[in-house]
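Peer 1: okay, here's the prediction I keep looking at, along with the sequence it came from:
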2 protein chains.
Amino acid sequence: MAPSAITPPQGVQETSELTAAAVAGKIAQTAPGLLKRVADPLNSGVKTTLRPLDASRLRFTRTTTPMTVPQPGDPIIATASQCTDHMITAVWRSTTGWGDPELRPYGNLSLAPTASVLHYATECFEGMKMYRGFDRKLRLFRPDSNCKRMLVSSTRIALPGFDPKELEKLIIAMIAVDGPKWLPKAGTFLYLRPTMIGSAGALGVATPKEATLFVIATFMPPLGAPQGLKLLASTDGVRAWPGGFGFAKVGANYGPSLMANGEARARGYDQVLWLLNGQITEAGASNFFVMWKSKEGKTQLVTAPLGDKIILDGVTRRSILQLTRERLSHGRTGQDPVEIVERQFTMEDIVQAVNEGRILEAFAAGTAYFVCPVSVIHYKNQDLQIPMSQGDSGPYTALVKSWLVDIMYGREQHEWGVVVEEEQPF
Amino acid sequence: MAPSAITPPQGVQETSELTAAAVAGKIAQTAPGLLKRVADPLNSGVKTTLRPLDASRLRFTRTTTPMTVPQPGDPIIATASQCTDHMITAVWRSTTGWGDPELRPYGNLSLAPTASVLHYATECFEGMKMYRGFDRKLRLFRPDSNCKRMLVSSTRIALPGFDPKELEKLIIAMIAVDGPKWLPKAGTFLYLRPTMIGSAGALGVATPKEATLFVIATFMPPLGAPQGLKLLASTDGVRAWPGGFGFAKVGANYGPSLMANGEARARGYDQVLWLLNGQITEAGASNFFVMWKSKEGKTQLVTAPLGDKIILDGVTRRSILQLTRERLSHGRTGQDPVEIVERQFTMEDIVQAVNEGRILEAFAAGTAYFVCPVSVIHYKNQDLQIPMSQGDSGPYTALVKSWLVDIMYGREQHEWGVVVEEEQPF
């Protein structure tokens, strides 16, 4: 399939195709892509017009003090705090809606000590990467998925809605500017972090009357574990629960996980394998997959389902499931057909498969860690060994990873690889 | 009992009485009240010395642009964003520990867009009030309880530890300065908000390497519902879960509750009554109490237990339980003895008590809302009416409230009312 070339926004583009409201379920604050007359929350009964997020109104303020790009090995890279020259910001107010977005020099945010985000975790974010292809083109991977999920998250955490397509245009506008200088080398990536915070200064526990959207790009240290991830199955801590918010990419899913993560590391493991009533949900902040032979002898790729809204609807997760369904479920590569199974499964299922020699591979998948093979799962005082037969991963894990890499870096032309038309280096 | 007069900190006071480590369970970052040699997390194996939070090192920088105190009725009061002239700040770094705390002019915080708190909800806080007594003295109510709980919360959310006594001294130092000007009128209060945030700029999902503690004081609008709180029992959303963090005062418990709260308000109710598998846990962000006649005819005050770590260990909750045990459990006031019961109870228990005419009163209790009588609980398409016989509350609710008011405003001399020695107005 031909890559879709997207240029920085030029003029208003009203889109209705996304039906973002359907994505989010309920959006009280703004309607995507169109002006909407809503009740002014501050003046009950009075109608007012809230402005939607509109990338065509993006204002450009270029930096006059460009930063130096760190070279490979620079210690700053390991901190995941070195950002590029610019950031996108846009401010929403409950009385007026979204203000004009700005591309402006990267810099600190000034927040009132009473800002909602600092007290009530009114915050959500996305994790994406920009890739410098082997064909030297700059690409995003399924940015529409991330932008739609950001709306799901913002709605869940009582932050305003927006048309995801407009967010995607803003992200593209930013990397069109910073991409040439900050990501010149083929086969490398930078990490993108769209974020929204409740910036209203007011201590009442209430829906914030002001929100700030920002997009930044950072270097990221090499992640993953060369010898495979060693997971510690959590038998006391629980990451998410029915009726909660495990499906949303909100800050409230992350901070509370750090204590258990620290304990896992202190015991020599890399991440927590989160359980809920014995069911496996996520590995660290990634989705978890296992490949095994079922008791009936079928080769299966198994991961937890989305239906109960406990786990994140990962873009990498979704992509792996779709590609595996397309390419392996009919045994097209000469191997056994692989059955793709989204269902609840437990640590006891894993223990049994290990004991019966049915386990083939396991991996964690997410944007940050990408596809990371698992070598050990600790559960009930036992280190369960997971095969990693082919170098640093099992053959299925390696295959799935190579498919995604090929799309991300343009070796395979695919609609998921969205090419960004760049400005010249400045 | 005589009030304990506490003055602003003067010199080092090493305290060991609090055993804060025991309070928090596990504190990795600092030891309370003493210097501790710990492994430097950035240089594995190398020992370094981390400084504890030390109120005796407080540096004073007075404002040169004092603000005007809003008068009653000023709309700014309703926003809960008008702070006093000064704030306390202290910065902790993983390599050095706590820096010297500062009392400085109130102003915005400058945070990197990559700051941990903006992405991962690494934040916790306390809610307290300072009271201008009818005897014109300035008081805190059980500040030691809030400061100890702040340590429990900071530990749960992977923020650094500290000696709670030092935090208490810092709070006292601040209100000693701002109290005379900002809270002159007998029988009034200001709201205090000690807060800690992960301020390190780094996008890795990891324990923050820098944290900022701050304390601010704000006006608060009159809260509560004159006709009694109308609660909507949540049948789908769940606030907290075993193995989670419902007991900690962390941001992650608040933002995710706003959506359900907004829905409750849209349906004409004031707050959500949170359930877990049918069990009643909290009302909004407050503890929930019911008074009823048991089936055996005993008068009981019932509230959810702390053991499963689902609900907040409220200072108001704890105080009500203790005072009621001391003053009503033996029927000393000539009324029936009241049995104090901390146990799991369900909405079905409430429905049955209402239907059988056994319900006496219900109220929500917390620092912000104080003691707020409940008039209606909506459950399964039914508005259950709760008696409020005496004016705007039932007689027990009114009695409990009056006990607390008397201690807070100095009508009753009690060890819970901690008098603060103030500076002269400036």
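Peer 2: Alright, I've got the coordinates. Residues are numbered from 1 along each chain as shown, chains lettered A, B, ... in the order given.

Peer 1: and the closest residue to residue A:156 other than its chain neighbours, what does it touch?
Peer 2: In space, and not counting its chain neighbours, residue A:156 is closest to residue A:248: 4.1 Å by CB to CB, 6 or more residues apart in numbering or on different chains. From N, CA and C alone the C-beta is placed, and that goes for glycine too. For residue A:248, the contacting residues are A:124, A:152-153, A:156-157, A:312, by CB atoms under 8 Å, 6 or more residues apart in numbering or on different chains.

Peer 1: go on, residue A:88?
Peer 2: The neighbourhood of residue A:88, defined by CB under 8 Å, 6+ apart, consists of A:58, A:101-104, A:170-171, A:173-174, A:213-215.

Peer 1: could you do residue A:114 as well?
Peer 2: Taking CB under 8 Å, 6+ apart as the test, what residue A:114 contacts is A:201-203, B:80-81, B:83, B:193, B:216, B:218.

Peer 1: for it, grab phi and psi.
Peer 2: Here is the backbone geometry of residue A:114 (degrees, to the nearest 10): phi -90, psi 0.

Peer 1: other SSEs contacting the helix or strand containing residue A:402?
Peer 2: Counting by DSSP states H and E, the element that carries residue A:402 is helix A:395-408. Using 3 or more CB pairs under 8 Å, 6 or more residues apart in numbering or on different chains; DSSP states H and E, the elements in contact with helix A:395-408 are strand A:138-141, helix A:315-328, strand A:359-366, strand A:370-379.

Peer 1: just name the most buried of those.
Peer 2: strand A:359-366 (a mean of 26; mean count of other CB atoms under 10 Å in any protein chain shown).

Peer 1: tell me the strands beside that one, with direction?
Peer 2: Sheet pairing here is set by DSSP bridges, and for strand A:359-366 it gives strand A:286-293 (antiparallel), strand A:370-379 (antiparallel).

Peer 1: tell me the first helix or strand C-terminal of the longest one.
Peer 2: If I follow you right, that is strand A:370-379. That would be, after strand A:370-379 and using DSSP H and E, strand A:382-385.

Peer 1: residues in contact with that following strand: which ones?
Peer 2: Contact with strand A:382-385 is made by A:350-351, A:354, A:375-378, as judged by CB under 8 Å, 6+ apart.

Peer 1: again, but for stretch A:328-342
Peer 2: A:291, A:294, A:298-306, A:321, A:324-325, A:327, A:396, A:399.

Peer 1: let's see that with 6 Å instead.
Peer 2: A:298-303, A:305, A:321, A:324-325 (CB atoms under 6 Å, 6 or more residues apart in numbering or on different chains).

Peer 1: flag every buried residue along it.
Peer 2: Residues A:328, A:338-341 are the ones in stretch A:328-342 that count as buried (16 or more other CB atoms under 10 Å in any protein chain shown).

Peer 1: can you give the distance of it from its chain's centre?
Peer 2: Centroid displacement of stretch A:328-342 relative to its chain, using CA atoms, centre = their mean, to the nearest Å, is 27 Å.

Peer 1: pull up the distance across it, start to finish.
Peer 2: Using CA to CA, to the nearest Å, the end-to-end distance of stretch A:328-342 comes out at 16 Å.

Peer 1: same thing with stretch A:118-129?
Peer 2: 27 Å.

Peer 1: rewinding a little: any chance of the contacts of residue A:114 in CSV, plus secondary structure, pLDDT and neighbour count?
Peer 2: Listed next are the contacts of residue A:114 as CSV, based on DSSP: H, G, I helix; E, B strand; the rest coil; pLDDT from 0 to 100; neighbours: other CB atoms under 10 Å in any protein chain shown:
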residue, secondary structure, pLDDT, neighbour count
A:201, strand, 94, 22
A:202, coil, 91, 21
A:203, coil, 91, 25
B:80, coil, 85, 22
B:81, coil, 88, 20
B:83, strand, 97, 24
B:193, strand, 98, 21
B:216, strand, 98, 23
B:218, strand, 96, 23
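
Peer 1: which of those lies closest to residue B:133?
Peer 2: Nearest to residue B:133 among the contacts of residue A:114 is residue B:218, at 20.0 Å by CB to CB.

Peer 1: thought the closest one was touching residue B:191?
Peer 2: Yes: with contact defined as CB atoms under 6 Å, residue B:218 reaches residue B:191; the gap is 5.2 Å.

Peer 1: the helix holding residue A:402 to helix A:315-328, inter-axis angle?
Peer 2: Inter-element angle recorded for helix A:395-408 and helix A:315-328: 110 degrees (by axes from the mean of the first three to the mean of the last three CA atoms, to 10 degrees).

Peer 1: what sits up against helix A:395-408?
Peer 2: A:131, A:141, A:291, A:320, A:323, A:361, A:363, A:371, A:373, A:390, A:412, A:414, A:416-417.

Peer 1: min pLDDT across the residues you listed, which one?
Peer 2: The member of the contacts of helix A:395-408 with the lowest pLDDT is residue A:390, and it reads 52.

Peer 1: what sits closest to residue A:347 if chain neighbours are left out?
Peer 2: Nearest one to residue A:347, counting by CB to CB, 6+ apart, is residue A:379 at 5.1 Å.

Peer 1: any idea how far residue A:367 lies from chain B?
Peer 2: Residue A:367 sits 12 Å away from chain B, taking CB to the nearest CB, to the nearest Å as the criterion.

Peer 1: that residue: neighbour count?
Peer 2: Neighbour count of residue A:367, defined by other CB atoms under 10 Å in any protein chain shown: 20.

Peer 1: and it, what is it in contact with?
Peer 2: residue A:127.

Peer 1: quick one, longest helix in chain A?
Peer 2: The helix that spans the most residues within chain A, counting by DSSP state H, is helix A:164-182.

Peer 1: for it, name the packing helices and strands.
Peer 2: strand A:86-93, helix A:143-156, strand A:417-420 (3 or more CB pairs under 6 Å, 6 or more residues apart in numbering or on different chains; DSSP states H and E).
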